[in-house]
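Participant: Need coordinates for the following:
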Amino acid sequence: MKKLTFAVMLLLFLGGCGEKTLVIRSALEGDSYLRNNASELSEQQFQSLLAQQAAIEEDAYTKLQTLLSEHEHTRYMLAENRIYRYDTEGELLYVADWTETEDSGVFKIAALTFP
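Facilitator: This next block holds a predicted model:
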């Protein structure tokens, strides 16, 4: 009976997650989400993380995926809501500007630039 109860609870939990994108509450949380999920992140999911007037290149999604897959270990510098992501040798990989939406307080990518 315990196994059946556990299975039903697990099914309800997994079913409740649905397709809703993560709610990002800070620039650092958003950047961490991108880095940790870059290989599984679809382009549609990536687009949902962008602010309405985001200033990004057309190929930003593929560039970001490639960079993060090539550089498993990175470091960062956070200044306000701007994240500078570096490789382990100190070479700049990208700069991400995050902005907080006025209506919901969720953080979105306002700009993503590559050197």
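Participant: State the separation between the helix or strand where Thr99 lies and the centre of the chain it belongs to.
Facilitator: Element membership of Thr99, judged by DSSP states H and E, is strand 92-100. How far strand 92-100 lies from its chain's middle: 11 Å, per CA atoms, centre = their mean, to the nearest Å.
Participant: which element is Arg75 on?
Facilitator: Here Arg75 is assigned to strand 74-79, by DSSP H and E.
Participant: Which secondary structure elements does that strand sit against?
Facilitator: helix 27-37, strand 82-87 (3 or more CB pairs under 8 Å, 6 or more residues apart in numbering; DSSP states H and E). Any C-beta I mention is one placed from the backbone N, CA and C, and that applies to glycine too.
Participant: need the least confident one among those, by mean pLDDT.
Facilitator: Mean pLDDT values for the helices and strands packed on strand 74-79 show the minimum at helix 27-37, a mean of 93.
Participant: before we move on, back to that, could you list the buried residues of the strand holding Thr99?
Facilitator: Using 16 or more other CB atoms under 10 Å as the test for burial, strand 92-100 gives 93-100.
Participant: Could you tell me the angle between that strand and helix 27-37?
Facilitator: 130 degrees (axes from the mean of the first three to the mean of the last three CA atoms, to 10 degrees).
Participant: Kindly export strand 92-100 (C-alpha atoms) in PDB.
Facilitator: These are the backbone C-alpha positions of strand 92-100, laid out as PDB (Å, rounded to 0.1, in the frame of the first residue of the first chain):
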ATOM      1  CA  LEU A  92      35.600  36.600 -21.200                       C
ATOM      2  CA  LEU A  93      33.000  34.200 -22.600                       C
ATOM      3  CA  TYR A  94      29.900  36.400 -22.500                       C
ATOM      4  CA  VAL A  95      28.200  39.300 -20.700                       C
ATOM      5  CA  ALA A  96      24.500  38.900 -19.700                       C
ATOM      6  CA  ASP A  97      22.400  41.800 -18.600                       C
ATOM      7  CA  TRP A  98      19.300  40.800 -16.600                       C
ATOM      8  CA  THR A  99      16.300  43.000 -15.900                       C
ATOM      9  CA  GLU A 100      13.500  42.600 -13.500                       C
END
